[in-house]
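Asker: Any chance you can model this:
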Amino acid sequence: MKYNKITIGQFLKCKTIADLEPDILNRNIKLLAELSGKTFDEIESLPIEKLTNALKDFNKFELLNPNAKVKMSFKVNGRRFKCVWQTQKLTAAQYIDATSFCKDEKNIVANIHNILAAICIEKNWYGKVKKYDGANHKEVADLFYNHLKIDVAYPIMLFFCKYSKELAANILTYLELEAMNQLKKTQPIVDKLLKVNGVGLSQ
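Answerer: Below you'll find the predicted structure:
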């Protein structure tokens, strides 16, 4: 199995093994056991030639292509999703949920499924994007963890995290402009009420 074809859950389990096991041979045997569903002893008992062949693709586990193409639409277990990251299209709930998992930079990768569950919205059978529902966040995050392939998930996460600060700044600017627009809309009503009630503002 190639690393770009494993699920988010498998990737995170393997990353933990890679981070915690200093011995290269033991690390690779544990990785192979994790992905094959076999025990450490079963893998270790393989003839050296078979073991060597099985491990040949495991020496670059930590290296995923950071420049891989970002797929904004994808399928997971027959369900279709679209990544909605643009400032003007993210809801406040989406942004809050997504950034809550980005606060601790050390754990961003471990939260890849949680981040994606906030910024990737499900589409119905004829392609219409559904509304984001924070109550379903965990269910979607679990779906991604167990079934979404890392070669789809990783580039989206990198893309989102890379521009999260810019997104934050843009969202604040957008909210400020919206507040000003709302104030302009309500000001005539306020002025009219003040005039009717005979209330003046002192300079």
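Asker: Can you check the pLDDT for residue 112?
Answerer: In this model, residue 112 is scored at 90, pLDDT.
Asker: now swap in the one 10 residues further on and tell me
Answerer: At residue 122, the pLDDT value in this model is 92.
Asker: Please apply the same query to residue 67.
Answerer: On the pLDDT scale, residue 67 is placed at 60.
Asker: Helices of the chain, start to end?
Answerer: 8-20, 24-36, 40-44, 48-55, 92-100, 112-119, 137-147, 150-162, 164-196 (DSSP state H).
Asker: Of all those, which one comes closest to residue 106?
Answerer: Closest to residue 106 of the helices of the chain is helix 8-20 (CB to CB; 11.1 Å). Where you see a C-beta, it was placed from the backbone N, CA and C, and this is true even at glycine.
Asker: Could you list the buried residues of that closest one?
Answerer: Under the neighbour-count criterion of 16 or more other CB atoms under 10 Å, helix 8-20 has 8, 9, 10, 11, 12, 13, 14, 15, 17 buried.
Asker: out of those residues, who's nearest residue 150?
Answerer: residue 11 (4.4 Å).
Asker: Please verify my assumption that that closest one contacts residue 148.
Answerer: No. Using CB atoms under 8 Å as the test, residue 11 is too far from residue 148 to be in contact (9.9 Å).
Asker: hmm, back to that, worst average pLDDT in the helices of the chain?
Answerer: Lowest mean pLDDT within these: helix 164-196, at a mean of 56.
Asker: now, of the helices of the chain, which is deepest in the fold?
Answerer: helix 112-119 (a mean of 26; mean count of other CB atoms under 10 Å).
Asker: Please report phi then psi for residue 47.
Answerer: phi -60, psi 150 (degrees, to the nearest 10).
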